[in-house]
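J.: when you get a sec, could you give me coordinates for this:
(one chain, ligands or ions: 1)
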Amino acid sequence: MNTLITFSDLRAARLSLKGTVGLVPTMGYLHEGHLSLIKRAKEECKHVIVSIFVNPTQFGPNEDLSKYPRDLERDLSLITPLGVDLVWTPTAEVMYPSGYQTWVEVEAMTQPLEGSMRPGHFKGVTTVVAKLFNASQPDKAYFGQKDAQQAAVIRQMTRDLNFPIEIVVCPTTREADGLAMSSRNKYLNEAERKAAVVLFRSLSAAKELYEDGERDAEKLRGKMKEVLAAEPLAQMQYVSCADYDSLEELSEIRGKALLSMAVFLGKTRLIDNFVLG
Ligand code: AMP
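T.: The predicted model follows:
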């Protein structure tokens with residue numbers, strides 16, 4: 001396994017890979033969710049590139065960039081047994097050298113949900129992913145359903161910019177109690193960690209209503225809010241029942257829909273979602 005930092009080293013190493021290449025972009029502090037993406041890439045591609053980069057441009061001024069968990073040594077020890085070819089760990093200076101001024105922006109789809117709560121977030125995500133795509137020239141790129149809007153935005157960008165790359169979206173990996181795995185779960189104290197299962201319970205309750213035949217989106221949003229409100233440590237930021245493709249808020253569910261939410265447990269902001277239909 002080769003660990004590289006610069007664009008020129010990555011390009012040279014990429015040229016030596018013959019056959020299909022899968023890219024798994026991450027911000028590190030890896031957990032089983034990330035590893036499930038790498039394993040899937042390994043199953044489907046001859047070679048796998050993993051990038052580890054805590055991308056400063058996707059963090060807002062009051063977000064957790066400086067305290068985002070990092071442990072490269074541990075990440076490499078988790079990746080090594082999986083048979084990854086290249087690990088790319090660019091620095092912020094490599095990615096955004098002084099004088100940097102080019103951005104990639106997806107429009108309508110980045111306005112609601114995470115986009116409305118985190119202005120500029122997706123501009124940072126699409127810019128860095130476009131740079132990762134350009135540099136590593138993968139055949140397939142792997143993203144998690146955990147970040148549903150991100151996956152939808154990347155799919156749109158890939159189509160719009162004609163990247164010849166298949167976007168593969170992998171299911172959310174969860175802890176035994178249902179909490180979606182996330183590097184940010186590390187911030188939770190014991191009581192918050194216990195309470196954090198409320199996201200899964202709230203989504204499950206709404207899904208149960210849907211499975212019983214409820215198609216009124218407002219009722220599903222109401223059910224999610226009701227379950228969240230019963231957990232004193234949880235502070236809801238938003239709940240949504242939106243069209244799966246456009247991410248527009250629904251009044252009635254006719255096709256595929258996305259239930260999603262952002263919830264604070266103390267200072268830690270968690271997101272989760274279920275797909276319906
Ligand atoms: P991050 O390091 O948080 O930027 O995540 C890197 C990739 O892993 C993204 O495509 C995420 O959607 C994906 N991911 C994060 N958590 C999970 C999870 N629990 N299950 C599946 N994929 C995940």
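J.: so what's residue 225 up against?
T.: Residues near residue 225 by Cβ atoms under 8 Å, 6 or more residues apart in numbering: 202, 236, 239. All C-beta spots, glycine's among them, are computed from the backbone N, C-alpha and C.
J.: what is the longest helix of the protein by residue count?
T.: With secondary structure taken from DSSP state H, the chain has its longest helix at helix 121-136.
J.: just the buried members of the contacts of residue 225?
T.: The neighbour-count test (16 or more other Cβ atoms under 10 Å) marks 202, 236, 239 as buried among those.
J.: output those as a markdown table; include the columns secondary structure, pLDDT and distance to the ligand.
T.: Below are the buried ones among the contacts of residue 225 laid out as a markdown table (DSSP: H, G, I helix; E, B strand; the rest coil; pLDDT from 0 to 100; distance: Cβ to the nearest ligand atom, whole Å):
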| residue | secondary structure | pLDDT | distance to the ligand |
| --- | --- | --- | --- |
| 202 | helix | 98 | 17 |
| 236 | strand | 98 | 20 |
| 239 | strand | 98 | 19 |
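J.: residue contacts, residue 216?
T.: 251-253.
J.: please name the bridge partners of it.
T.: In this entry, residue 216 is beta-bridged to residue 252, by DSSP bridges.
J.: for it, give me the pLDDT.
T.: The model reports residue 216 with a pLDDT of 98.
J.: can I have the buried ones of the contacts of residue 216 as a ChimeraX selection?
T.: Buried residues within those, by 16+ other Cβ under 10 Å, are selected in ChimeraX with:
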select :253
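J.: closest to residue 18 out of the contacts of residue 216?
T.: Closest approach between those and residue 18, by Cβ to Cβ: residue 253, at 46.3 Å.
J.: residue 210 is in contact with the closest one, correct?
T.: Yes: using Cβ atoms under 8 Å, residue 253 makes contact with residue 210 at a distance of 7.1 Å.
J.: shared neighbours, those two?
T.: Residues touching both residue 253 and residue 210 by Cβ under 8 Å, 6+ apart: 220, 276.
J.: tell me where the stretch 51-200 of the chain has strands.
T.: 86-88, 140-144, 166-170 (DSSP state E, counting those that start in this stretch).
J.: what does the first one contact?
T.: For strand 86-88, contacts defined as Cβ under 8 Å, 6+ apart pick out 1-5, 10, 13-14, 17, 47-53, 76, 79, 132, 135-136.
J.: lovely, talk soon.
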